[in-house]
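In: I would like the atomic coordinates for the input below:
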Amino acid sequence: MEAEIETVEAARMNQVHAEEAHAAQAYLSMLWGALAFASMGALGHLAGERCSWQLVAVARTSLALIFSVVFALVSGVRLVFFKPATLWLRSLFGSVGLLCSFYALTHLPISTSLTLSSTVPIWVALLAWLLLGYRPTTQIWFAIIAAIIGVVLIQKPYWAGGNLAGLAALAHALCWAIGMIGLNRLSHIDTRAVVTHFAIVSTIVALVFFLLTGADIGLRQSGDKALIAMLVGVGLTGTLGQLGMTRAFALGHPSKVAVVGLMQIVFACFFDLIIWRHRFDALTICGILLVMAPTAWLLLHSPLRRNASIHSTV
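Out: Okay, the predicted model is just below:
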């Protein structure tokens, strides 16, 4: 009897150690994924100083498309394209959000852009109430109000200068939130197939927008080796970030690793300080904290926690 108890206890301890090891790997993967996405933002901002932001978006989506398709084919995932309609809703809104994101990244300090773009859980909480009937609790309302105050503090200097890129970052967050509400109805489709569908649609949307806006590639830009390296870097770091965050969600608790993903804002602040010598005043720092803290709390307490974490893997 004692031997059986010891065997059961040993098995339980081994399971605990395995779960702890997986959690540690998940957090580490999310950290380097967050660093990769912050690096993508920095490279995108640098590239945006040399070329149109539309070209930066095309570079990001096209390389993500190659990665997604290859990964899906190697893993044997059954891809879907024409149906269901909810999948198209998610991919189209996500594509518009991506365009807004790169406009914001190339017109704002990357820490500001990423902070405003991280308000996705705020929008999810509101949309879940309006569309799915998940009425916000008092705590959620406090989190939403705190985040709104943070957004105002962050965006105030740019409103004064007529820079509306902050609104583009918020539009990006809103579009992602709408896409995630759609994900709530796509649980029967493999996540890799959803990601691949988004990669295809976003690449088409980015290319069409690039052509319609007349943001063509000039001879000077095509011969700019530094610019080409930056654009390739945008695609590679975005892919690395995707790999890291996908691995993190596969190994750890989605809501918890998503909170670790907010470290990309911290990394972005360091890039702003080191590369652009950007200085943060007290109001901006308070604004960033007022957005990050409620966002982290909502990631852990949102009624759509399972799906609210998936946006970081795309």
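In: now the helices for the stretch 101-250 of the chain?
Out: Ranges of helices within the stretch 101-250 of the chain are 110-117, 120-132, 138-160, 165-183, 191-212, 219-222, 225-251, based on DSSP state H, counting those that start in this stretch.
In: let's have those helices in CSV, adding mean neighbour count.
Out: Any C-beta I mention is one placed from the backbone N, CA and C, and that applies to glycine too. As requested, these are exported to CSV (neighbours: other CB atoms under 10 Å):
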stretch, mean neighbour count
helix 110-117, 28
helix 120-132, 20
helix 138-160, 17
helix 165-183, 23
helix 191-212, 19
helix 219-222, 10
helix 225-251, 20
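In: right, and those - which one's nearest residue 276?
Out: Residue 276 sits nearest to helix 110-117 of all these, at 8.6 Å, using CB to CB.
In: do you know which of the helices of the stretch 101-250 of the chain lies nearest residue 80?
Out: Nearest of the helices of the stretch 101-250 of the chain (CB to CB): helix 191-212, 5.4 Å.
In: pLDDT (mean, whole number) over that closest one?
Out: The average pLDDT within helix 191-212 is 86.
In: does anything pack onto it? Which helices or strands?
Out: Secondary-structure packing of helix 191-212 (3 or more CB pairs under 8 Å, 6 or more residues apart in numbering; DSSP states H and E): helix 53-75, helix 85-107.
In: pull the helix or strand with minimum mean pLDDT from this structure.
Out: helix 305-308 (a mean of 44; mean pLDDT, DSSP states H and E).
In: can you report phi and psi for residue 137?
Out: With angles defined as degrees, to the nearest 10, residue 137 sits at phi -80, psi 170.
In: residues near it, how many?
Out: 12 (other CB atoms under 10 Å).
In: how near is it to residue 297?
Out: According to CB to CB, to the nearest Å, residue 137 and residue 297 sit 11 Å apart.
In: what does residue 256 give?
Out: Distance from residue 256 to residue 297, by CB to CB: 12 Å.
In: residue 71 too?
Out: As judged by CB to CB, residue 71 and residue 297 stand 33 Å apart.
In: how about residue 205, what does it touch?
Out: 61, 92, 95-96, 98-99 (CB atoms under 8 Å, 6 or more residues apart in numbering).
In: quick check: the farthest pair among those residues?
Out: 61 and 92 (13.4 Å).
In: those two - which one has more neighbours?
Out: residue 61 (26 against 18).
In: any low-confidence regions in the chain?
Out: Within the chain, the stretches with pLDDT under 70 are 1-22, 157-163, 182-191, 215-223, 250, 302-314.
In: go with 50
Out: Residues of the chain meeting the criterion pLDDT under 50: 14, 16-18, 219, 305-314.
In: any idea how far the nearest residue to residue 252 once chain neighbours are set aside lies from residue 150?
Out: Once flanking residues are discounted, residue 252 sits nearest to residue 26: 2.7 Å by CB to CB, 6 or more residues apart in numbering. Note on residue 26: its distance to residue 150, by CB to CB, is 27 Å.
In: and residue 291, which of the helices of the stretch 101-250 of the chain is closest to it?
Out: Among the helices of the stretch 101-250 of the chain, helix 138-160 sits nearest to residue 291 (CB to CB), with 3.9 Å.
In: what comes into contact with that closest one?
Out: 108, 112, 115-116, 119, 122, 125-126, 136, 164-167, 170, 283-284, 286-295, 297-298, 301.
In: contact partners for residue 181?
Out: 124, 127-128, 131-132, 304.
In: wait, residue 179
Out: 89-91, 93-94, 97, 311.
In: kindly report the same for residue 60.
Out: Contacts of residue 60 (CB under 8 Å, 6+ apart): 40, 44, 98, 102, 206, 234-235, 238.
In: next, format those as JSON lines and append distance to residue 272.
Out: Listed next are these as JSON lines, based on distance: CB to CB, whole Å:
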{"residue": "40", "distance to residue 272": "14"}
{"residue": "44", "distance to residue 272": "13"}
{"residue": "98", "distance to residue 272": "22"}
{"residue": "102", "distance to residue 272": "17"}
{"residue": "206", "distance to residue 272": "25"}
{"residue": "234", "distance to residue 272": "17"}
{"residue": "235", "distance to residue 272": "22"}
{"residue": "238", "distance to residue 272": "19"}
